[in-house]
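Participant: predicted model and sequence follow; I will ask about them next.
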Amino acid sequence: MHARRIAAGVALAVVLVAAVSIWNGGTSVRVAAQEKQLGPAPSIPITAGSAILMEATSGRVLFEKDPDKKMAPASITKIMTMLLAMEAIDQGKASLDDMVVTSEHAMEMGGSQIWLEVGEEMSLADLMKAIAIVSANDASVAVAEHIAGSEEAFVDMMNQRARELGMTGTHFANCHGLPHRDHYTTARDIAIMSRALLRYPKVHEWFTTWIDYVRGGKNILVNTNRLVKFYEGADGLKTGFTEEAGYCLAATAKRGGLRLISVVLNVADSQLRFKEASALLDFGFRHYAGVEIASQGQVMAQLDVARGVTEKVDVVAKDPLVAVVRRGEEAKVKSEMTLPDRVSAPVQKGQKVGVLIARLEDGTEIAHVDLVAAEEVKRGNVFRVVLRATRNLLRTLFRVGKD
């Protein structure tokens with residue numbers, strides 16, 4: 001009987017030890033799985049009401065927190081204002097040398113401003129500088145009126161451009177960002193329009209200016225975005241604040257081949273918005289690398305042109321192509337082009353003729369960019385086409401004979 005009691009006690013102890021071991025092991029497995037699911041995170045908690053970290057070239061999202069929540073953007077609105085102005089300049093509809101006359105409506109804008117007077121003339125370049133550096137509301141309205149004739153017409157352009165860019169959570173009611181019940185956007189949409197604006201190198205000149213002047217040095221402009229002075233690689237974009245919107249920031253920085261866009265909305269105080277935006281950028285640069293496959297306008301191939309005035313046309317990358325991968329995986333990136341054997345004239349400059357794709361070794365597509373014709377190729381006349389065909393035939397015959 002005594003021996004049986006001892007055996008039973010030993011057995012119970014074994015069962016208890018095994019149970020504890022299984023419980024601890026199970027806990028370890030669950031924690032490991034949870035860590036794997038969560039993955040790397042920014043160095044500090046992101047308290048912003050909405051936030052996103054996006055790679056600028058591909059649009060790949062590296063971090064997000066309620067990125068599609070509709071929120072008041074305050075002066076971050078001016079990214080779209082500047083985008084439409086830069087596009088008008090690019091299309092030849094406006095010039096930075098244009099002298100813009102201030103209207104009464106522009107003068108009446110409150111908030112951040114450069115105190116424009118009715119009838120005062122200022123160059124479009126100086127107004128854009130004032131928008132970029134100090135978020136001047138009066139300058140924003142003056143630019144809008146110069147581009148579209150009225151702020152109302154310009155706002156229609158803003159909403160149309162937002163739709164074209166795929167900004168599905170946005171509606172603009174003004175060009176400056178002062179509170180309005182029908183004026184809202186999302187962190188994702190802000191990153192999307194920021195990508196579009198960053199295609200214009202000129203804007204970095206304004207965004208990275210710490211101190212400048214207008215009116216021949218009479219009025220000083222001090223940049224509201226402290227990151228451009230204190231964060232490595234930072235060269236934009238816009239700050240914003242109203243009581244409704246809280247403290248907001250759309251920031252961009254570039255290191256090596258990687259450009260990131262960080263957006264934080266509705267942060268509790270000004271210092272914290274810079275801290276959280278910096279933490280997102282740090283997170284991106286620490287864990288990801290950009291592998292540049294092609295630069296904008298880079299010649300990638302030549303295509304034969306059938307029935308054209310010329311026989312070939314250069315094929316170029318429409319936009320830059322950067323593959324974003326985890327650090328250490330750069331060597332795994334491969335590229336491939338999809339192109340037809342030939343195209344038929346007429347060919348328009350900028351006409352899509354193929355695609356350049358970045359993939360990982362396992363075939364996973366990371367990013368792609370359109371390949372377009374570098375030049376226009378008009379259709380040749382019958383005599384030219386026949387002459388070329390005859391010349392090519394003779395070349396082939398003589399080459400065969402030599403072989």
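Facilitator: Cool, got the structure.
Participant: what helix or strand is the spatially closest residue to T186 that is not a sequence neighbour on?
Facilitator: Nearest residue to T186, sequence neighbours excluded (CB to CB, 6 or more residues apart in numbering): G169, at 3.9 Å. Using the backbone N, CA and C atoms, a C-beta is placed for each residue, glycine as well. Secondary structure assignment for G169, by DSSP states H and E: no helix or strand.
Participant: identify the residues contacting G169.
Facilitator: D68, K70, Y184, T185, T186, R188, D189 (CB atoms under 8 Å, 6 or more residues apart in numbering).
Participant: which two in those residues are spaced the farthest apart?
Facilitator: Y184 and R188 (12.7 Å; CB to CB).
Participant: between these two, which is the more surrounded one?
Facilitator: R188 (23 against 18; other CB atoms under 10 Å).
Participant: sec struct for the more buried one, please.
Facilitator: helix (DSSP: H, G, I helix; E, B strand; the rest coil).
Participant: the closest residue to it other than its chain neighbours in helix, strand or coil?
Facilitator: Spatial nearest neighbour of R188, chain neighbours left out: P67 (4.2 Å); criterion: CB to CB, 6+ apart. Put simply, P67 is coil when judged by three-state DSSP.
Participant: hang on, isn't P67 packed against A48?
Facilitator: No - when contacts are counted by CB atoms under 8 Å, P67 is not listed as touching A48 (10.5 Å).
Participant: neighbour count: the two, which is higher?
Facilitator: When neighbours are counted by other CB under 10 Å, P67 and A48 differ, and A48 comes out ahead with 26 against 21.
Participant: any idea how far the more buried one lies from V263?
Facilitator: According to CB to CB, to the nearest Å, A48 and V263 sit 9 Å apart.
Participant: G257 now?
Facilitator: 21 Å.
Participant: cool, K65 as well?
Facilitator: As judged by CB to CB, K65 and V263 stand 10 Å apart.
Participant: higher neighbour count, these two?
Facilitator: V263 (31 against 20).
Participant: show me the contacts for that one.
Facilitator: 50-54, 76, 187, 190-191, 194, 249-251, 277.
Participant: quick check, nearest of those to V141?
Facilitator: For the contacts of V263, the nearest to V141 is I76 (16.6 Å; CB to CB).
Participant: so that closest one sits against I190, correct?
Facilitator: Yes - contact criterion CB under 8 Å: I76 and I190 qualify, at 5.7 Å.
Participant: now for the two: what residues contact both?
Facilitator: A250, V263, L265.
Participant: alpha carbons only: can I get the helix or strand where the last one lies in CSV?
Facilitator: When you say that, I think you mean L265. According to DSSP H and E, L265 maps onto strand 258-267. This file holds the C-alpha atoms of strand 258-267, laid out as CSV (Å, rounded to 0.1, in the frame of the first residue of the first chain):
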residue,chain,number,x,y,z
LEU,A,258,14.7,56.0,-50.5
ARG,A,259,12.3,58.9,-50.2
LEU,A,260,9.6,58.6,-47.5
ILE,A,261,6.4,60.6,-46.8
SER,A,262,5.2,60.7,-43.2
VAL,A,263,1.8,62.2,-42.3
VAL,A,264,0.4,62.7,-38.8
LEU,A,265,-3.0,64.4,-38.1
ASN,A,266,-4.6,65.7,-34.9
VAL,A,267,-1.6,65.5,-32.6
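Participant: report the buried residues of the host helix or strand of A277.
Facilitator: Per DSSP H and E: A277 is located in helix 270-287. By neighbour count on 16 or more other CB atoms under 10 Å, the buried set for helix 270-287 is R273, F274, E276, A277, S278, A279, L280, L281, D282, F283, G284, F285.
Participant: go on, stretch 196-209?
Facilitator: A196, L197, L198, V203, H204, W206, F207, T208.
Participant: same question, stretch 243-258
Facilitator: By neighbour count on 16+ other CB under 10 Å, the buried set for stretch 243-258 is A245, G246, Y247, C248, L249, A250, A251, T252, A253, K254, G257, L258.
Participant: pLDDT on that stretch, on average?
Facilitator: Averaged over stretch 243-258, pLDDT sits at 95.
Participant: how about stretch 306-321?
Facilitator: 91.
Participant: do stretch 284-291 as well
Facilitator: 94.
Participant: one more: stretch 337-344?
Facilitator: Stretch 337-344 comes out at a mean pLDDT of 92.
Participant: what's the end-to-end length of it?
Facilitator: Counting by CA to CA, to the nearest Å, you get 19 Å between the two ends of stretch 337-344.
Participant: list the pairing partners of whichever strand or helix holds T239 within its sheet, with orientation.
Facilitator: Assigned by DSSP H and E, T239 belongs to strand 234-242. Here strand 234-242 is paired, per DSSP bridges, with strand 246-255 (antiparallel).
Participant: now the angle from the partner strand to strand 258-267?
Facilitator: If you take axes from the mean of the first three to the mean of the last three CA atoms, to 10 degrees, strand 246-255 sits at 170 degrees to strand 258-267.
Participant: quick check: closest non-adjacent residue to A72.
Facilitator: Nearest residue to A72 in three dimensions, chain neighbours excluded: A245, at 3.8 Å (CB to CB, 6+ apart).
Participant: hmm, the one you found is touching V267, no?
Facilitator: No - in this structure, A245 is not within contact of V267 by CB under 8 Å, at 9.8 Å.
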